[in-house]
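Novice: here is a sequence together with a model predicted from it:
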Amino acid sequence: MNEAEIVQAIEALRQQWGKRLLILGHHYQDSSVVALCDAVGDSLELSRIAAESEAERIVFCGVRFMAETADVLTRARDGSDNGRRVYQPAPEAGCPMADMADAPALERAWAAIRAADPDAHWVPVVYVNSSAEAKAFCGRHGGAACTSGNGRRVLRHFLDENAKILFAPDQHLCTNIFRELGYQPEAVAVWRRDQADGGLTPAVIRRARAIAWDGCCPIHAGYTLGDVAAARAGMPGATLLIHPEAPSPVAARADRTGSTKAIIEAIARAEQGTDFIVGTEQHLVARLAEKYSGLSIRPLRPIVCEDMGRTTPLQVLNVLQSWPEDCIVRVPDAFVADARVCVERMLAI
């Protein structure tokens, strides 16, 4: 089948299913996949859309942790699914950053940190770019999730309560938020997964306001100061927008750091003729440049998330035709309640 035939077949099946079907796509998907989606957004936004919909079959074009969050939020309070199913067309599409913080390792770190600093009020915070099991760990220990958009609000909430924070899995998001909140670099200590006790002494743990897990997004973490210098030299006067998953020295040189949604909104509000350099995934940057042709939009450096790129229109069609068991994303029942609490605490802040 050629692409036009695939799209036509998908549309025919969509008509058959009606409101019982919902196709969701993350901003970083290829444009050919985005064109098939009922809604496009960031991971949490799409999961909330799924939870509020009437759909029985939810097809999530993204990576594993996103589909897991959709499954958690579409479950009933007792954990039952009421016949609803979440499908991931490319089940092999994972997130390297989410994989860097598995729940058993987090539990070991949590125990070591509290033993080193028993008198402090420690709270875990997990980035939504984490597994359902990591979210369950967080929910179990009184913490909350956060996004790149609301991270400052969530962390400030706990800091205002005089809490100290174990943040996972993205160290760069944590350090960028603390820098933006006015803290000195030494306020954040980095927990090294490959070292005993994270490579931190009890004294360092007691001095820190936060312990940042040493995970990262391999895409955004690849930006360098050299990239910034080259981009600015090639486009003088342009507004530099960078995702806060970038290393702190790089993010600090942006005109603005912001979530995917914030980057999109900044460009959408811009006056005609404005120049932008954008530090995030290339599929989105290219789509923004095409949509806002009256602006000049260039990538900080072209970077593509291979896992996001694994989903194809043919895989979407295969799901709609046969609903394969290996594409169903179902979080183990033991993790659902605590993972949901983790997300709901974030939404309540």
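Specialist: Cool, got the structure.
Novice: find the centremost residue of the chain, please.
Specialist: By Cα atoms, centre = their mean, the mean C-alpha position of the chain lies nearest to N129, the distance being 3.8 Å.
Novice: assumed it was part of a strand.
Specialist: No. N129 sits outside any strand when classified using DSSP: H, G, I helix; E, B strand; the rest coil, being coil.
Novice: now do the contacts for it.
Specialist: 43, 65, 95, 97-98, 169-170, 217 (Cβ atoms under 8 Å, 6 or more residues apart in numbering). (C-beta placed from N, C-alpha, C; glycine too.)
Novice: what do you get if the cut-off is 10 Å, keeping everything else the same?
Specialist: Shown in contact with N129 (Cβ atoms under 10 Å, 6 or more residues apart in numbering): 42-44, 63, 65-66, 69, 95, 97-98, 101, 145, 147-148, 168-170, 173, 215, 217, 245.
Novice: again with H283
Specialist: Residues in contact with H283, defined by Cβ under 10 Å, 6+ apart, are 26-31, 33-34, 303-305, 308-309.
Novice: in CSV: those residues, plus distance to R287 and neighbour count.
Specialist: Supplementary listing: the contacts of H283 in CSV, determined by distance: Cβ to Cβ, whole Å; neighbours: other Cβ atoms under 10 Å:
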residue, distance to R287, neighbour count
H26, 12, 26
H27, 8, 23
Y28, 10, 26
Q29, 10, 26
D30, 9, 19
S31, 6, 12
V33, 11, 25
V34, 7, 17
I303, 15, 19
V304, 13, 14
C305, 14, 23
M308, 13, 25
G309, 14, 17
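Novice: just the ones in strands from those residues, please.
Specialist: Residues from the contacts of H283 lying in strands, with DSSP state E as the criterion: H26.
Novice: so which of the contacts of H283 sit within helices?
Specialist: Counted as lying in helices by DSSP state H, out of the contacts of H283, are 31, 33-34.
Novice: can I get those in a markdown table with distance to A208 and pLDDT?
Specialist: As requested, those are exported to a markdown table (distance: Cβ to Cβ, whole Å; pLDDT from 0 to 100):
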| residue | distance to A208 | pLDDT |
| --- | --- | --- |
| S31 | 43 | 95 |
| V33 | 42 | 97 |
| V34 | 41 | 97 |
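Novice: which of those sits closest to S322?
Specialist: Relative to S322, the closest of the ones in helices among the contacts of H283 is V33; by Cβ to Cβ it sits at 18.5 Å.
Novice: may I have stretch 128-139 as CSV, with CA atoms only?
Specialist: Output in CSV follows, covering the C-alpha atoms of stretch 128-139 (Å, rounded to 0.1, in the frame of the first residue of the first chain):
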residue,chain,number,x,y,z
VAL,A,128,6.2,12.9,33.9
ASN,A,129,8.8,11.5,31.5
SER,A,130,9.1,8.5,33.8
SER,A,131,7.7,5.0,34.0
ALA,A,132,4.4,4.2,35.8
GLU,A,133,6.4,2.3,38.3
ALA,A,134,8.6,5.3,39.1
LYS,A,135,5.4,7.4,39.5
ALA,A,136,4.1,4.8,41.8
PHE,A,137,7.2,5.0,43.9
CYS,A,138,6.7,8.8,44.1
GLY,A,139,3.0,8.5,45.0
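Novice: and that stretch, what's buried?
Specialist: Across stretch 128-139, burial judged by 16 or more other Cβ atoms under 10 Å covers 128-139.
Novice: for stretch 158-178, same thing?
Specialist: For stretch 158-178, by 16+ other Cβ under 10 Å, it's 158-159, 163-178.
Novice: which of those fall in strands?
Specialist: Checked against DSSP E, those include these in strands: 164-168.
Novice: pick the one among the residues you listed closest to E11.
Specialist: E11 has its nearest neighbour among those in A168, at 41.0 Å by Cβ to Cβ.
Novice: report the rounded mean pLDDT for stretch 223-243.
Specialist: Across stretch 223-243, the average pLDDT comes to 97.
Novice: what's the first-to-last distance across that stretch?
Specialist: Across stretch 223-243, the straight-line distance between its terminal residues is 10 Å, by Cα to Cα, to the nearest Å.
Novice: tell me the buried residues in that stretch?
Specialist: Buried residues in stretch 223-243, counting neighbours by 16+ other Cβ under 10 Å, are found at 223, 227-228, 231, 235, 238-243.
Novice: same question, stretch 313-327
Specialist: 313, 315-317, 319-320, 327.
Novice: contacts only, for A115.
Specialist: A115 makes contact with 197, 202, 205 under the criterion Cβ under 10 Å, 6+ apart.
Novice: and it, which of the three is it?
Specialist: The three-state label for A115, taken from three-state DSSP, comes out as helix.
Novice: swap in L241?
Specialist: strand.
Novice: quickly list what it is bridged to.
Specialist: Beta bridges link L241 to R256, V278 when assigned by DSSP bridges.
Novice: tell me the contacts of it?
Specialist: 254-258, 262-264, 266-267, 276-280, 285, 297, 300.
Novice: show me the shaky parts of this structure.
Specialist: Within the chain, no range satisfies pLDDT under 70.
Novice: mind listing the strands in it by residue range?
Specialist: Remark: strands assigned in the chain by DSSP E are 21-26, 39-41, 57-61, 85-87, 122-127, 144-146, 164-168, 188-191, 210-213, 239-242, 256-257, 275-279, 296-299.
Novice: tell me which of these sits nearest to M346.
Specialist: strand 144-146 (4.4 Å).
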